[in-house]
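[1] How does the following fold in three dimensions:
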Amino acid sequence: MSVSFAMPETIMRHCVGLAHRADADAVNALRLELYRQAREFRLLRPEQLVWNGCRDDGAVAAGWDADGRLIATMQSRIVPTRALAEEKLGISVALGESWFPAAILSRAATARGHGRSGLNSVLRWHMLCAAQARGCRSLLGLVYADAPRLNLMRALGYRFQSPEHVWDDEAEPIQPPLLAYLAAADF
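    Numbers count the residues shown, from 1 in each chain. This next block holds a predicted model:
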């Protein structure tokens with residue numbers, strides 16, 4: 001007996017996978033375009049968004065439209081300790097070592113006109129599966145209060161904490177930054 005389900009047409013028109021070095025310019029252009037327009041923060045150091053296509057900076061998932069144009073991206077890197085998570089996020093992390101290793105999901109960007117297509121969720125799902133396969137005990141991310149995706153993240157089981165210290169030199173918060181975290185048990 002086979003089980004089938006209807007996939008939203010917006011998802012069926014896209015292809016997802018890992019970005020490669022040849023995609024770096026498109027990944028960087030999408031990030032810069034959207035992060036410069038962000039309402040939650042003011043981008044201070046755009047050069048820190050640049051991805052050179054090397055795996056040592058984490059894996060980058062991407063989504064392309066039917067014409068092969070990159071329209072969504074998300075980065076993931078695994079951190080073995082809380083101290084390294086704090087270094088990469090630029091905020092204090094009040095989680096015990098039992099939450100580590102963790103995967104940090106960051107640098108998410110979806111092109112204008114493609115929001116609410118579910119593409120970001122598909123990328124998140126693939127990153128979550130990879131984190132689970134690598135033995136991660138949690139997913140972490142830096143989000144901002146009032147960001148549109150917070151309700152979805154709450155529905156997925158994410159919890160949030162206000163960091164005691166923020167030293168991220170990449171962006172100046174307009175909205176308060178939050179640590180988003182999801183326990184492996186909720187993957």
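[2] the strands in this structure, which residues?
    Under the criterion DSSP state E, the chain carries strands at the ranges 15-18, 41-43, 59-64, 70-79, 102-110, 138-144, 159-161, 171-173, 177-183.
[3] and these as a markdown table, adding distance to L123, mean neighbour count and mean pLDDT?
    Using the backbone N, CA and C atoms, a C-beta is placed for each residue, glycine as well. Listed next are the strands of the chain as a markdown table, based on distance: least, CB to CB, whole Å; neighbours: other CB atoms under 10 Å; pLDDT from 0 to 100:
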| stretch | distance to L123 | mean neighbour count | mean pLDDT |
| --- | --- | --- | --- |
| strand 15-18 | 6 | 12 | 89 |
| strand 41-43 | 21 | 16 | 90 |
| strand 59-64 | 5 | 22 | 93 |
| strand 70-79 | 4 | 22 | 94 |
| strand 102-110 | 7 | 22 | 93 |
| strand 138-144 | 13 | 23 | 95 |
| strand 159-161 | 20 | 14 | 97 |
| strand 171-173 | 21 | 16 | 90 |
| strand 177-183 | 15 | 21 | 96 |
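[4] out of the ones you listed, which comes closest to A94?
    When the strands of the chain are compared by CB to CB, strand 159-161 sits nearest A94, at 6.0 Å.
[5] who's in contact with the closest one?
    94, 143, 150, 154, 178-182 (CB atoms under 8 Å, 6 or more residues apart in numbering).
[6] now do 7 Å
    Strand 159-161 has contacts (CB atoms under 7 Å, 6 or more residues apart in numbering) with 94, 178-181.
[7] repeat for stretch 74-82
    Taking CB under 7 Å, 6+ apart as the rule, stretch 74-82 contacts 58-61, 85, 88, 93, 95, 97, 100-108, 120, 123-124, 127, 130-131, 134, 136.
[8] contacting residues around L140?
    L140 neighbours (CB under 7 Å, 6+ apart): 85, 89, 102, 104, 179-181.
[9] Mind putting those into a markdown table with distance to A22?
    Listed next are those as a markdown table, based on distance: CB to CB, whole Å:
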| residue | distance to A22 |
| --- | --- |
| A85 | 30 |
| L89 | 29 |
| A102 | 29 |
| I104 | 24 |
| L179 | 33 |
| A180 | 31 |
| Y181 | 33 |
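[10] if we can go back for a sec, pull the most distant pair out of the contacts of strand 159-161.
    Farthest pair in the contacts of strand 159-161, by CB to CB: A94 and A180, 13.1 Å.
[11] ok, H20 touching G53?
    Yes. The pair H20 / G53 is scored as a contact, 6.4 Å apart, by CB atoms under 7 Å.
[12] When those two are compared, which one has more neighbours?
    Set side by side, H20 and G53 show more neighbours around G53, with 15 against 12, by other CB atoms under 10 Å.
[13] Thanks a lot, see you next time.
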